[in-house]
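> Fold the following for me, if possible:
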Amino acid sequence: MGNPTVSELTQELHELGVSEGDVLLVHCAFSRVGPVQDGPRGLISALEEALGPEGTLVMPSMTDDDEQPFDPLRTPCLGMGIVADTFWRLPGVMRSDSPHAFSAAGSRAPLIVAPHPVDIPHGPDSPVGRVHDLDGSILLLGVGHDGNTTVHLAELLGGVRYRRKKELVAIDGGQPVRISYEEIDHCCENFRLVDEWLEKRGVQKMGTVGHAEARLIGSRVLVAAVVEQLTRDPTVFLHPPGTDDQCDEAWASLER
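Numbers count the residues shown, from 1 in each chain. Alright, predicted model coming up:
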């Protein structure tokens, strides 16, 4: 397979199930998608073409450094991949003013990137929560559900009690302020279980975009499937104690 063109990528996205007018939250590992025509910018163009003028494209855009105040005009998000870090810099793309930022372009972008609380990064009042409310979809390109932030929304809605202590620096009244909070978090490796749950329901579309495996799933459908499992076992995502530090911290929080 050569380097797919923007037109070919757009066709693959449509074949997967992306439709004009959709609200689409994308998580992407470009190293697995590429090489494609025009690199990361070409993939973004294909996503925009597939969504059409009434659609909305959304990507994570959070800071890589919690020790530095977040500046939506300058702070990179290299940890989210080159596609996400390219996207927020493009003309017409809006970025939320939060260390847990998301970027969006399209008709629903102003709503999605409106102010959201720092201490509940992926709750109902957050970009992932708003994509859910808008009956949007999630596209995973070259990544699995261990990179899917919407699963954290499902954890919150499912009532999990575990938390990890976090700190970051934000701007308040023009001055840097250190904020301490507790976030629903762990190593996230067991988010891979979501694949099986969705496949049993027959609600996840699988295909190829560029050179990468692609998954497309409705946000509401995903959240409902995860909440159902968490109702049965609220700690299903945590490794057994002693496996890794992040899950151990989550387990310890249940004893407080």
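> C-alpha from now on. contacts and neighbour counts both.
Noted.
> what pLDDT, on average, does stretch 97-114 get?
Stretch 97-114 carries an average pLDDT of 97.
> what does stretch 6-15 give?
Averaged across stretch 6-15, pLDDT comes to 98.
> ok, residues contacting that stretch?
By CA atoms under 8 Å, 6 or more residues apart in numbering, the surrounding residues in contact with stretch 6-15 are 36-37, 42-43, 45-47, 49-50, 208-210.
> repeat that with 10 Å
Contacts to stretch 6-15, defined as CA atoms under 10 Å, 6 or more residues apart in numbering, come from residues 3-5, 16-20, 36-39, 41-51, 139, 205, 207-210, 214, 216.
> Can you list the buried residues in that stretch?
Using 16 or more other CA atoms under 10 Å as the test for burial, stretch 6-15 gives 6-14.
> Just the buried ones out of the contacts of stretch 6-15, please.
4-5, 16-20, 36-37, 39, 41-51, 139, 205, 207-210, 214, 216.
> if you look at the residues you listed, which of them are in helices?
16, 39, 41-51 (DSSP state H).
> Let me know the closest of the buried residues of stretch 6-15 to Arg89.
Proximity of those to Arg89 (CA to CA) peaks at Val6, which lies at 19.7 Å.
> The protein: helices as residue ranges?
Assigned by DSSP H, the chain shows helices spanning 6-16, 30-33, 39-51, 82-87, 109-112, 127-133, 150-157, 193-201, 219-232, 245-253.
> Need those helices in JSON lines (columns: distance to Asp119).
Formatted as JSON lines, these follow (distance: least, CA to CA, whole Å):
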{"stretch": "helix 6-16", "distance to Asp119": "34"}
{"stretch": "helix 30-33", "distance to Asp119": "30"}
{"stretch": "helix 39-51", "distance to Asp119": "30"}
{"stretch": "helix 82-87", "distance to Asp119": "23"}
{"stretch": "helix 109-112", "distance to Asp119": "17"}
{"stretch": "helix 127-133", "distance to Asp119": "14"}
{"stretch": "helix 150-157", "distance to Asp119": "13"}
{"stretch": "helix 193-201", "distance to Asp119": "25"}
{"stretch": "helix 219-232", "distance to Asp119": "21"}
{"stretch": "helix 245-253", "distance to Asp119": "16"}
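> Determine which of the ones you listed approaches Ile120 most closely.
Proximity to Ile120, assessed across the helices of the chain by CA to CA, is greatest for helix 150-157 (9.2 Å).
> model confidence over that closest one, on average?
Helix 150-157 comes out at a mean pLDDT of 98.
> before we move on, what about stretch 172-187?
92.
> That stretch: how far from the chain's middle?
19 Å (CA atoms, centre = their mean, to the nearest Å).
> Of the buried residues of stretch 6-15, just say which sits nearest to Arg161.
Looking at the buried residues of stretch 6-15 and their distance to Arg161, the nearest is Leu13, at 37.3 Å (CA to CA).
> what's the spacing between that closest one and Arg163?
Remark: distance between Leu13 and Arg163 (CA to CA, to the nearest Å) = 36 Å.
> cool, and Asp66?
Applying CA to CA, the value for Asp66 to Arg163 is 18 Å.
> who has more neighbours, those two?
Using other CA atoms under 10 Å as the criterion, Asp66 and Arg163 rank with Arg163 on top: 20 against 17.
> which one is that one nearest to, not counting chain neighbours?
Ile184 (4.5 Å; CA to CA, 6 or more residues apart in numbering).
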